[in-house]
Structure formats: structure tokens, C-alpha cells
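> prediction below, plus the sequence it came from.
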Amino acid sequence: MKKTKLKLVTKGLKKGIKKGKKDVYWPTEELKKNAWINKKSIYKKAEKDPLKFWESLAAEGIIWDKKWKKTYSEKYPYFQWFIEGKLNVSYNCIDRHLQDKKNKAAIIWEPDSPEEKNRVLTYHDLYYEVNKLANVLKNLGVKKGDVVGIYLPMIPEGQISMLACSRIGAVHNVVFSAFSAESLKYRLKETGAKILITADGYYRKGKVINLKAKADEAVKKTKVKKVIVINRAGIKIDWNKKRDFWWHELKEKADSYCQPQAMDSEDTLFILYTSGTTGKPKGIIHTTGGYLTQAHWTAKWDFNLHDDDILWSTSDIGWITGHTYCCYGPLSNGATILIYEGMLNYPQPDRWCKIIEKYGITVFYTSPTAIRMFAKNGDYVKKINFASLRILGSVGEPINKEAWEWFFQNVGKKRSPLIDTWWQTETGGTMINSLPGIGPFIPTLAGRSFPGIRLAILDDNGKVLPANKEGNLVQLSPFAPGMLRGIYKNHKKYLETYWNKFGKRIYFTSDGAWKDCQGNFRIIGRLDDIIKIAGHRISTAELEDAITKHHFVAECAVIPLPHEIKGNVPIALVVLKKVKPSLKLIEEIIKQAEKFIGPIARPDQVFFVEDLPKTRSGKIMRRILKNILTNQPVEDISTLANPESVENIKKILRK
Ligand code: WT7
């Protein structure tokens, strides 16, 4: 740790953020001085020649085994970065730091229970573990390009597994541990994974959860022949002698060095499933060179990562934020990350504060839902010492003004800029946010597009809209290096979802937004049938599919309703087959969502209705349902096939 740097930070902290016009905050001179990027001219420079801009970042930030021949190429609807360049991601995240950061903490793990001992892995520990696991995978027959399923709680073995895959050129597919066995099975089947890394269990709110049981269920009738099990909880689990292996036993026998495989810049690094607008999730493909470049530089600049920083991103590794900012971005910068197994408010609402204090967290990156939860009866924060914090971050859903102000004032103490980052599973890294040394920081406005990324707001006919006009948020060519390179085994869906609405060479984000005269974006939210529930991405179609799988359900519509903490919650309107509605059925329907997706998709309320409003062609009119549920006037219903359904539903809701 360099003393001088700490001094600078403290100075910056004391003075805090400057306030300009109403509600616009700017970095102080001290904050600017300490920032990697503090000159606005970077935007112009990058805009002038984005290829040159990214090329210089790739050369400076990433260690390449072989330099690329061509920076970028585009062949609708695909594009490539750093063509024919070769690199290894695990080398870039670990080996390169061994010379000067060998004994520095790479990953600090905080368990669910505040009483249990934490774990600290130095860069050398991480190196040792990753090399061992890479050899274990190899010994079990994993080859370059094979898909490895990862179904793990928040323990360092998550990062270790991802990095071990990248070391040997295997493609990882991480599945959120709270997803159901069905969800895992779907992903294992589609990717054809032959191997799965999981754990016996984990702790959540003091209770042990048997993860292996779900994994056992999921691997049935898939190609998975081997399961590596990490002993996290020490619980009794079922064991299949031919198929299951303890990680600690395999580790004993494996060699401690594994040569990193030089990968092509465009080789797949991972597949991560996310919700689309249909009933089935889609496997987003991310590749190596471009993704790592964007992960590295956005982590460094957005969070102004310096050597003495410790970053806590509260996301699970099962999401893209967990991939990019709980692993690849910060580790490629040689930073220290904290990962936490449990719930932010367990065993007391102030657990998250205790963690910030305990480790002296400097960068705290979380979601608006979490912030709203913190703020509710949030008096306890007054007793907390937040002096270590330098930067606050928010991601996942639009942040409302109250939550922004509360977080900025009570946690950031008006000293730490609040960086609201807009991006998507598809974009791999952040796309819109203010930079800490430049600003401005404006409640509810996410900021400008990251340098070298070209975004625009279009009307429905594809015409560019002037400032302050709301429209479709799109990305223009050249597409950012961290962008997806396709949907796994589904070219058609890739084409339709992103590249169809506005024609060739325009990526449609599916978000509505506007921007002010200075180019700061305000994100309104999804324009499609995707709901953000507590920042998680759920498709109404997927949830409807799960519910209609119940043998008594004839039909169902899922509608998002605004919620004070979670942003949105799903409401299910269900038409039953010839059975009587009952409380038991409601419970069963809720269970149905858990079984096929996971607890995050649980409907908040279930209503049994006789009929759903439909067009003559049979399409359910969800907009009408939403208006009914939110007490908005319902538009002309005379064109419906069953206009009487509207009155019936209103009656039921009134009851
Ligand atoms: C959708 C992507 C990528 C991080 C986690 C979410 C919404 C994301 C913001 C923000 C307003 C946001 C958008 C986007 N979103 N960040 N800062 N402000 N909305 O990834 O699950 O793929 O969801 O999340 O609607 O399209 P994801």
C-alpha cells in the first residue's frame, strides 16, 4: 500500500463532491487528481476513432501472447475484435500479478454467519488453486472448447472454477445457485456439458441449503458424466461413486502448474443464460480478447481502481455483473475483491455496513433494490463508519431519486460519487455511466456513454431523436468489444432480438431512454416483455410457461406491478381448468414458478380469473391487464374478442 495515495484519497474525501446547479454534482479537484481519467477530451478523442481508442486500450491493459492482425471486422450481424490475437484470460487475471502482488489479497470471502471464519486468498493462493483445478479438469478429460457447468454458491471456488476453465480454454456456463434443478438441466442439456462443478451445500440466513440434491436432479438425462463437488457445508449428501468426485481429493493428486492455453481473441470464454422474450432463456456468448479489454478498462475507470482498493460488488457470480466485476475486471487489474455468501440484511439489517467497516471497503457496487432495502428504517447507518468508501455504484434497474439521494448522503456522505452504470448481460461490461473524475453525478441520470461506445436514441422509425425526447436506446457501429457474439445455437433469435428492429448495423437494447443536451442518459426501462424484479431479469413468457405447466391451469398472464423495494413484482392472472380456486392452488402455482425457474420468479400475487382479454387473433392484451391492475383508464376494448373479460377481472380484483 502506498501511503501517498491514501493521503490523496483522504483529502478528496474531506472536501466531498461539489454541487453545481440544482441536483448536479461534480468531482472536487482532489477527486479529479486521484482519478485515472479526469479530462473530458477523452470522449472526443475516442469518438473520433473508436477503433484506435480500443486498440490502444487492448495493447496497454492486456497481455497478449500474439498481437492481433486486424482490430475490428464486421459482417452483419456478427463482428470481431482483435482478430488473430492470442491471449489467456487466467494469465491476465493471475500470473501477471505474481511478480509484484504475490502476497496481496485477491479474494476475501465473508461467510453467511458473522461467527464463521472468513477466507483470504492471495494472488499466489489463487494461482495455486486455479492451476490445480485446471489440471483436474484436464485429467477428467476436459478439452479446449468443451463446456463446463458451474453451479456454485458465493465461495472463492466460483472464481477459481471460472479461471481454471479459462486457463485451459474450456467454456464455462455458470448457473445461479438459486435457480432450480429444472433451470440447470435446461442449460446443461443445451450446452451439452459433460462435467459440472458444484458444492455439497451452502448457508443462507443461518440455514444450510443442499445444493447437491438439486444438481443430482438436474444432471439426470443430460450428458454430464462427472461432477466435481466442493465441500463447503460439510453436510450429508447422496453420492454416485462412478460420477461424483470431491474437489479436495482430486486436488491432492493434480500437478500444481498448468500451462495457460493461448486462446484466439474470438474464442468463446463463456456462455451465460439470460431471459429473452420467449419461454426459453438464451445462452449469451462472450469471447475472449474484446470482453477482457472492456472488463478491464471499465472496472479500472468506472471504479477508479487503484492498488489499495477493495471492491465489493454484491452481485452473485451467476449474473453478468458477477462475471465482469466479481472476477475478470478487478482481477485483471490486480485489485482485491470481496465476495459474500449471504444476504445483505442477515442476521441484522446492518450486516452490509458491518462488512464495509470490517474490511474497509472502498468501492461498493450494488443494486437499487438493495439500496431501497437499506434505506427502509435505515437509521442504523448513522452509527456506521463509512470513511473507507470512495466510490458507490448502482446497477440492474433504474434508480429512483429518493434511493439515489439516500445512498449518496447517508452512505457516501456526499464525498463518494455515485456511479450509476447501465449495461446488459449482452454488453459484457458497462456502457453508460459517469466517470468518477469527470462527472456529472445527477440523480436518476446514468451519465454519458463510456468513451469509445456509440449510443443513440431513435424513434420507432429509426430516426435520431433530439435531446430530451424519449425513444429506443440503440448502439451504433463499431460495436463495443465486450458485446455478445451471438446466442448459443440460435442465430435466428440473435438476429431477431438485436438486429431486426432498426435494420442492419444497429443494435437494439430493448430499453427506452432519453438523453439531455450534454449527452447524459436517463434509462426508462425495458420496452419488451422482460421484467426486472429486484434487478433480476425475468421474462413474463418464461414465468407464464412455468405456471401453465400446472395440470389445473388453462391459461395465464404475468404482469409486472411497481413495488416499493423490488422495483417490480410479477402478478399472475390465472384461468383454471374445471376446478375450484383454492388457497392450496395458489401455493401450488407459486411452487410451480420456483420449480421451473427459482425463488426469484415467485409471483407476488395470484388471481384466478374466468377469462383473459384477447384480440380476435387470440393474443392476450397484457397492456389492458396492466392498466386494470394499476387503476389506469382502460383503452377502447371494443376490438377485443371478449370485451366482457375486462369488467369480470375488475370485479375479481375489487374483491
Ligand atoms: C437490463 C439488463 C448488466 C448488469 C445487470 C443487469 C436494466 C441495467 C441499469 C441502470 C437502468 C438498468 C436495463 C437492461 N438496467 N442497469 N443502471 N439503469 N436500467 O443485466 O440482467 O442483462 O439486465 O437491466 O433494462 O436492459 P441484465
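Here it is on my side, so go on. Numbering: from 1, shown residues only.
> hmm, W319 is touching T425, no?
Yes: counting by C-beta atoms under 8 Å, T425 is a contact partner of W319 at 7.5 Å. For glycine as for every other residue, the C-beta is placed from the backbone atoms N, C-alpha and C.
> can you name the residues that contact the residue of the stretch 101-250 of the chain found nearest the ligand?
The nearest approach of the stretch 101-250 of the chain to the ligand comes at F176, 10.8 Å away (C-beta to the nearest ligand atom). F176 is in contact with D316, G318, W319, G598, counting by C-beta atoms under 8 Å, 6 or more residues apart in numbering.
> so it, which state does it fall into?
Three-state call for F176 (DSSP: H, G, I helix; E, B strand; the rest coil): coil.
> domains for the chain, by residue range?
7-89+268-511, 125-257, 538-654 (automatic domain parsing).
> what mean pLDDT does the longest one have?
Across domain 7-89+268-511, the average pLDDT comes to 95.
> the shortest one now?
Per-residue pLDDT values across domain 538-654 average out to 94.
> again with stretch 195-203
98.
> that stretch: end-to-end distance?
End-to-end distance of stretch 195-203 (C-alpha to C-alpha, to the nearest Å): 24 Å.
> how about the residues of this structure near the ligand?
Applying C-beta under 6 Å from any ligand atom, we find that the chain lies next to the ligand at 274, 319-321, 395-398, 420-425, 446, 509, 511, 523, 525-526, 532, 537.
> would you format the contacts of F176 as a markdown table with neighbour count included?
A markdown table is the format used below for the contacts of F176 (neighbours: other C-beta atoms under 10 Å):
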| residue | neighbour count |
| --- | --- |
| D316 | 21 |
| G318 | 24 |
| W319 | 22 |
| G598 | 23 |
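> farthest-apart pair in the residues you listed, please.
Within these, W319 and G598 form the most distant pair, 12.5 Å apart (C-beta to C-beta).
> related to what we said a few turns ago, so what sits against both of W319 and T425?
By C-beta under 8 Å, 6+ apart, the residues touching both W319 and T425 are L272.
> hang on, isn't C517 packed against K469?
No: with contact defined as C-beta under 8 Å, C517 does not count as touching K469 (11.6 Å).
> measure how buried the nearest residue to I160 once chain neighbours are set aside is and give me the count.
Excluding the flanking residues, the one nearest I160 by C-beta to C-beta, 6 or more residues apart in numbering is E129, at 4.7 Å. Per other C-beta atoms under 10 Å, the neighbour tally for E129 reads 23.
> isn't there a helix covering E129?
Yes: the assignment for E129 by three-state DSSP puts it in a helix.
> which residues does it contact?
Residues near E129 by C-beta under 8 Å, 6+ apart: L121, P156, E157, I160, A164.
> now tabulate those in JSON lines and tack on neighbour count, pLDDT and secondary structure.
Putting the contacts of E129 into JSON lines (neighbours: other C-beta atoms under 10 Å; pLDDT from 0 to 100; DSSP: H, G, I helix; E, B strand; the rest coil) gives the following:
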{"residue": "L121", "neighbour count": "20", "pLDDT": "98", "secondary structure": "strand"}
{"residue": "P156", "neighbour count": "21", "pLDDT": "98", "secondary structure": "helix"}
{"residue": "E157", "neighbour count": "23", "pLDDT": "98", "secondary structure": "helix"}
{"residue": "I160", "neighbour count": "28", "pLDDT": "99", "secondary structure": "helix"}
{"residue": "A164", "neighbour count": "28", "pLDDT": "99", "secondary structure": "helix"}
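> which one of these is nearest to E555?
Nearest to E555 among these: E157, at 43.1 Å, using C-beta to C-beta.
> ok, and the closest non-adjacent residue to the closest one?
Computed as C-beta to C-beta, 6+ apart, the closest residue to E157 that is not its neighbour in sequence is I230, at 4.8 Å.
> so the closest residue to the ligand within the stretch 251-400 of the chain, which of the three states?
Nearest to the ligand, among the residues of the stretch 251-400 of the chain, is P398, at 4.0 Å (C-beta to the nearest ligand atom). In three-state terms, and counting by three-state DSSP, P398 is coil.
> surely it touches I523?
Yes: taking C-beta under 8 Å as the definition, P398 is a contact partner of I523 at 5.3 Å.
> now do the contacts for D302.
Residues in contact with D302 (C-beta under 8 Å, 6+ apart) are G393, I419, T421, T430, N433, L435, P436, F450.
> most neighbours among those residues, which one is it?
Counting neighbours by other C-beta under 10 Å, T430 leads the contacts of D302 with 33 neighbours.
> and it, what does it touch?
By C-beta under 8 Å, 6+ apart, the residues touching T430 are T298, D302, V395, T421, W422, W423, F450.
> let's see it at 10 Å
294-295, 297-299, 301-303, 321, 324-325, 329, 393, 395, 419-424, 446-447, 449-450, 453, 480, 482 (C-beta atoms under 10 Å, 6 or more residues apart in numbering).
> and the closest residue to G201 other than its chain neighbours, backbone torsions?
Excluding its sequence neighbours, the residue lying closest to G201 (C-beta to C-beta, 6+ apart) is A233, at 3.5 Å. Per-residue torsions, A233: phi -100, psi -20 (degrees, to the nearest 10).
> before we move on, what about the one 10 residues further on?
Taking degrees, to the nearest 10, you get phi -110, psi -30 for the backbone angles of R243.
> which residues touch it?
Contacts of R243 were listed using C-beta under 10 Å, 6+ apart, and they are L196, D216, V219, V224, K225, K226, V227.
> pull out the buried members of those residues.
Buried members of the contacts of R243, scored by 16 or more other C-beta atoms under 10 Å, are L196, D216, V219, V224, K226, V227.
> my read: the fifth one touches K241, true?
No: K226 lies out of contact with K241 (C-beta atoms under 10 Å); the separation is 11.9 Å.
> re earlier: as CSV, the contacts of R243 with secondary structure would be great.
CSV is the format used below for the contacts of R243 (three-state DSSP):
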residue, secondary structure
L196, strand
D216, helix
V219, helix
V224, coil
K225, coil
K226, strand
V227, strand
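> between those, which is closest to T369?
Nearest to T369 among the contacts of R243 is L196, at 29.8 Å by C-beta to C-beta.
> quick check: closest non-adjacent residue to that closest one.
Nearest non-adjacent residue to L196 (C-beta to C-beta, 6+ apart): G149, at 4.1 Å.
> for T278, same thing?
A541 (5.4 Å).
> which residues are in contact with the one you found?
A541 is in contact with S275, G276, T277, T278, G279, K280, D528, D529, I530, V558, counting by C-beta under 10 Å, 6+ apart.
> one more time with 8 Å
By C-beta under 8 Å, 6+ apart, the neighbours of A541 are T277, T278, G279, D529.
> specify the local secondary structure of it.
helix.
> again with N38
Assignment for N38 (three-state DSSP): coil.
> use 32 as the first number from now on
Okay, using 32 as the starting number, the last item reads as N69.
> one step back: just the contacts of T461: which are in strands?
G424, V426, I450, D451, T452 (DSSP state E).
> verify the stated contact: the third one with F334.
Yes: using C-beta under 8 Å as the test, I450 is close enough to F334 to be in contact (7.2 Å).
> narrow the contacts of A572 to just the buried residues.
By 16+ other C-beta under 10 Å, those give T308, G310, D560 as buried.
> those residues in strands, which ones?
Among the buried ones among the contacts of A572, no residue falls in strands (DSSP E).
> that older thread, who does the residue nearest to E188 bridge with?
According to DSSP bridges, the residues that bridge with I261 are A230.
> that one: neighbour count?
25.
> OK, contacts around it?
Residues counted as contacts of I261 (C-beta under 8 Å, 6+ apart) are L183, I186, E188, I228, T229, A230, D231, W278.
> same thing but at 10 Å, please
Taking C-beta under 10 Å, 6+ apart, we find I261 in contact with 164, 183-184, 186-189, 191-192, 228-233, 242-243, 277-279.
> leaving out sequence neighbours, find the closest residue to W277.
Leaving aside its sequence neighbours, W277 sits nearest to V260 (C-beta to C-beta, 6+ apart; 5.7 Å).
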